[in-house]
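Enquirer: For reference, the sequence and a predicted model appear below.
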Amino acid sequence: MLPRPMLVYRDAAVHRPPRDAVADCHQHLTTLARATTPNHDDLVDALIEAGRLESALADARCPVIDEREPRLVVARELSAQLGAAVWASWHGRPCEAYIGLAHRALGHLDLHDLPPTLRLTVPEGYAYYALYPEAYGDAVHAWASRARPPRVLCLGVRSIGTSLSAMARAALVDLGIPVETWTIRPHGHPFEREVRMARSLVSPLERHEATCLLVDEGPGLSGSSLAGAAEALAALGVPDDRIVFVAAWQPDPTHLRSSRARDRWRRHAVIVGALAHVRPSLAREGVVAADALDISGGTWRRLLPTDVRWPAANPQHERLKYLEDGRVTRFAGLGGFGEARRVRAARLGDAGWTTGVDTFRRGLLTSAWVPARPLDSSGLDQMFLAHALEYIAWLRREMPTGARADAGPLGAMLRTNVAEGLGDDWVAAADRLSAASRGWDEPAIAHDGRLVLHEWLRTSDGWLKADALDHHDDHFLPGPADGAWDLAGLLVETAIGGTTADDLVRRYGALTGDGTIAHRLPFHRAAYAAFRLGLCTLSAESVRADEARRFTRAAGRYRDALRAALAAASEA
């Protein structure tokens, strides 16, 4: 039986009418066409949006099996031409002709017989994990320069593989290598993905002894998306030595959660589209110096005072970060994803909650590095609590999204994580809390989402909140949510209860005008603890031993908090 992991991830996709999604791409192309010299970041943004559109169209046209559906040829051409434009710009060449061809392809899209809305997914590498499409182009170019394959079939694994495969195609065309390209979609359990493709997709391989590049962001915990695609090709008669993975990093196959993936990742060559391919350019452009200190993946903890106990950190979940000359530069996202976080960072800085923004280029946001001491339980005085309360109240007032909060996914997560973390005896209590949440009509807030103590920094001038840009909008639960999430997080992380907690709840209500917060808080307090328990539990399974011990200790605290929240709700 496949493992049943705790729930921590959310579906961050948005649903848009097809014509609106096309109009978005049209706006990007119009902006590029009007520019005297197209801005490279704008080109990348257009490629990302074209890839999202093509991926959504392909999912709608080919929901069961991927095949060469004629109406998708134009969508593939749109992405391919924008990939060529980004490649040309990246190497200092004219790109205007490719923009014109992309504009023409967009005008020929056939939007008949589509569902009322398209599901536009979030390409996580572009949004969260410093994956640059140019790095994939350069990596494939370097490989092909050495290997000189006579012909290539380039298959992008949807969704992000759609635009990444367009970049791979551009690099191959630049070398004069004949290339055909399409996209495919994995299905099934996250640890055992399967790809269903028609034989027509591999006809170039059969005709020309071509090499097949499978292009995706991964691997994740399981490595099963690329592995499933390789198995599908093998089932159609493609030998292992003509299947090559193009991925963001090279894993140790023994650490992958899928046994099939462990086998497949040993069989195939891997091309790595690593950050190293774009790092020199970032230095030349003055975005981040070549000798800047990399403080990603938890290494920022080495800068803490020596008497501070290190918090747990999962390198796979952390944003890219550099430190130089009293400034910290972190990855905020490419295209519209990064721009939204730049705007939020500026607002938080102007209000005094964070250090704000100095610059934003190539998806990297720079702000001041402030010497500070992270909060621990000994610093939970009334001044801090008042500051934290004012902060989360400000977010509720100033950061509504315009949508309504949906407690349904949190209820499903609470039930699953309670069953896995506490046992079935506690599920009934979780279900009672979830039942109480049905029918609430609260605004969805672009909240902080992560109230852990070490992200509150004490400076000579007061308190600052670190890492406040995107936890409401990353690929973890809850997404934009009821403002009660942040208040619940503050209470869980500080372990405050009794009359002090009651007083904080009353003060929050007075600051926000939220008259029903006390009614909604028990559900959110349990849900916050259940989510953090799930996140720490899953992280403990994927990091090295010393880090796993930190996550296991943290999971124990959240397990206790969850048990206490359910018990209190049952007694009420």
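Expert: Structure's in. What do you need? Residues are numbered from 1 along each chain as shown.
Enquirer: quick one: stretch 557-572 to chain centroid distance?
Expert: Centroid separation between stretch 557-572 and its chain, computed with CA atoms, centre = their mean, to the nearest Å, is 30 Å.
Enquirer: So which elements touch whichever strand or helix holds Trp143?
Expert: Element membership for Trp143, per DSSP states H and E: helix 133-147. If contacts are counted by 3 or more CB pairs under 8 Å, 6 or more residues apart in numbering; DSSP states H and E, helix 133-147 sits against helix 40-61, helix 73-90, helix 161-174, strand 211-215, strand 243-247, strand 269-272. For glycine as for every other residue, the C-beta is placed from the backbone atoms N, C-alpha and C.
Enquirer: Find the nearest non-adjacent residue to Arg260, please.
Expert: Closest residue to Arg260 apart from its sequence neighbours, by CB to CB, 6 or more residues apart in numbering: Ala227 at 5.6 Å.
Enquirer: Could you double-check that that neighbour lies in contact with Arg257?
Expert: No - shown here, Ala227 and Arg257 do not form a contact pair, counting by CB atoms under 8 Å, at 11.1 Å.
Enquirer: out of the two, which sits in the busier spot?
Expert: Ala227 (31 against 20; other CB atoms under 10 Å).
Enquirer: what's that one in contact with, if anything?
Expert: Ala227 makes contacts with Arg193, Ser258, Arg260, Ala261, Asp263, Arg264, Trp265, as judged by CB atoms under 8 Å, 6 or more residues apart in numbering.
Enquirer: Can you pull up the most central residue in this structure?
Expert: Glu124 (3.5 Å; CA atoms, centre = their mean).
Enquirer: Now that one. Nearest residue, chain neighbours left out?
Expert: Nearest residue to Glu124 in three dimensions, chain neighbours excluded: His475, at 5.5 Å (CB to CB, 6+ apart).
Enquirer: Can you name the residues that contact that neighbour?
Expert: Going by CB under 8 Å, 6+ apart, His475 touches Tyr9, Arg10, Ala12, Val122, Glu124, Ala127, Tyr128.
Enquirer: same question, Trp426
Expert: For Trp426, the contact set (CB under 8 Å, 6+ apart) comprises Val418, Ala419, Arg563, Leu566.
Enquirer: In helices, which of those appear?
Expert: The helices, defined by DSSP state H, take in Val418, Ala419, Arg563, Leu566 from these.
Enquirer: Report how many residues lie close to the residue nearest to the last one when sequence neighbours are not counted.
Expert: Just to be clear, that refers to Leu566. In space, and not counting its chain neighbours, Leu566 is closest to Ala429: 4.3 Å by CB to CB, 6+ apart. Residues near Ala429, counting by other CB under 10 Å, number 20.
Enquirer: what do you get for the one 5 residues further on?
Expert: For Ser434, the count of nearby residues is 21 (other CB under 10 Å).
Enquirer: Look at it and give its secondary structure.
Expert: helix (DSSP: H, G, I helix; E, B strand; the rest coil).
Enquirer: Please renumber the chain so that the first residue is 724 from this point on.
Expert: In the new numbering, first residue 724, that becomes Ser1157.
Enquirer: gap between the closest residue to it other than its chain neighbours and Glu790?
Expert: Closest residue to Ser1157 apart from its sequence neighbours, by CB to CB, 6+ apart: Gly1134 at 3.4 Å. Distance, Gly1134 to Glu790, using CB to CB, to the nearest Å: 38 Å.
Enquirer: These two - which one has more neighbours?
Expert: Each of Gly1134 and Glu790 has its neighbours counted (other CB under 10 Å); Gly1134 has more, 20 against 17.
Enquirer: What are the buried residues along the helix or strand containing that one?
Expert: Secondary-structure assignment from DSSP H and E places Gly1134 in helix 1131-1144. By neighbour count on 16 or more other CB atoms under 10 Å, the buried set for helix 1131-1144 is Pro1132, Leu1133, Gly1134, Met1136, Leu1137, Arg1138, Thr1139, Asn1140, Val1141, Ala1142, Glu1143, Gly1144.
Enquirer: now it: mean pLDDT?
Expert: Helix 1131-1144 shows a mean pLDDT of 97.
Enquirer: and that helix, how far out from the chain's middle?
Expert: Averaged C-alpha coordinates place helix 1131-1144 at 21 Å from its chain's average position (CA atoms, centre = their mean).
Enquirer: Over to stretch 1184-1193?
Expert: 21 Å.
Enquirer: do stretch 1001-1018 as well
Expert: Computed by CA atoms, centre = their mean, the chain-centroid distance of stretch 1001-1018 equals 23 Å.
Enquirer: Now do the contacts for Ala1207.
Expert: Glu1165, Ile1240, Arg1243, Leu1244, Phe1246, His1247.
Enquirer: Distance check, it against Phe1254.
Expert: Look at Ala1207 and Phe1254: by CB to CB, they are 13 Å apart.
Enquirer: where do the contact lists of these two overlap?
Expert: Common contacts of Ala1207 and Phe1254 (CB under 8 Å, 6+ apart): none found.
Enquirer: re earlier: I'd like the contacts of His1198 as a markdown table, with pLDDT, distance to Pro741 and secondary structure appended.
Expert: Output for the contacts of His1198, formatted as a markdown table (pLDDT from 0 to 100; distance: CB to CB, whole Å; DSSP: H, G, I helix; E, B strand; the rest coil):
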| residue | pLDDT | distance to Pro741 | secondary structure |
| --- | --- | --- | --- |
| Tyr732 | 94 | 27 | strand |
| Arg733 | 95 | 24 | coil |
| Ala735 | 93 | 20 | coil |
| Val845 | 96 | 18 | coil |
| Glu847 | 95 | 23 | helix |
| Ala850 | 97 | 22 | helix |
| Tyr851 | 96 | 27 | coil |
